[in-house]
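K.L.:
kindly generate the corresponding structure for this input.
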Amino acid sequence: MAEIHQILFNMHILYSLALGLWACASAARNEPISGHYWGAVLTYALLASFTLLVGIGLLLAGFQPSSERVIVYVLYMLWLAIIMPGLFSLMSGRDDRQAALAFALLAFFNFTTSLSMIERQLIGPWVALP
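P.N.:
Numbering: from 1, shown residues only. Okay, the predicted model is just below:
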């Protein structure tokens with residue numbers, strides 16, 4: 001199950017980067033954010049939520065990240081799961097150039113946050129509790 005968590009988290013990292021690049025391209029062309037992008041944002045939130053659920057499953061099964069900072073892992077994953085839909089809500093569904101730039105900035109922030117989680121071993125390797 002830890003391998004599944006790692007695969008999902010890696011997908012999440014790449015998806016964050018792709019969303020950021022997509023939003024930058026929309027902003028550079030001065031195009032409104034498309035409905036396809038909103039679907040991708042929903043997919044992003046679902047992917048982060050599912051990754052968190054797998055992580056909670058690992059915690060309940062008696063495993064934890066080797067960093068032993070479980071609460072930090074949970075807080076970061078909650079952030080990653082709710083922030084993109086939260087920004088959509090805060091912006092009241094705007095789809096102009098400024099909204100595209102805001103989504104690009106947030107996606108790149110989430111990308112770097114996820115990379116820092118790996119660096120600090122918040123997402124693995126998972127070890128059994130004694």
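K.L.:
helix/strand/coil for residue 33?
P.N.:
coil (DSSP: H, G, I helix; E, B strand; the rest coil).
K.L.:
centre of the chain to the helix or strand containing residue 49, how far?
P.N.:
Using DSSP states H and E, residue 49 falls within helix 35-60. Centre-to-centre, helix 35-60 and its host chain are 7 Å apart (Cα atoms, centre = their mean, to the nearest Å).
K.L.:
which other helices and strands does it contact?
P.N.:
If you count contacts as 3 or more Cβ pairs under 8 Å, 6 or more residues apart in numbering; DSSP states H and E, helix 35-60 packs onto helix 2-28, helix 70-90. Using the backbone N, CA and C atoms, a C-beta is placed for each residue, glycine as well.
K.L.:
go again with 10 Å.
P.N.:
Here helix 35-60 touches helix 2-28, strand 63-65, helix 70-90, helix 97-119, strand 126-128, going by 3 or more Cβ pairs under 10 Å, 6 or more residues apart in numbering; DSSP states H and E.
K.L.:
let me have the ones you listed in TSV, extended by distance to residue 42, mean pLDDT and mean neighbour count.
P.N.:
Formatted as TSV, those follow (distance: least, Cβ to Cβ, whole Å; pLDDT from 0 to 100; neighbours: other Cβ atoms under 10 Å):
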stretch	distance to residue 42	mean pLDDT	mean neighbour count
helix 2-28	11	95	17
strand 63-65	27	87	20
helix 70-90	7	93	16
helix 97-119	13	95	18
strand 126-128	28	85	14
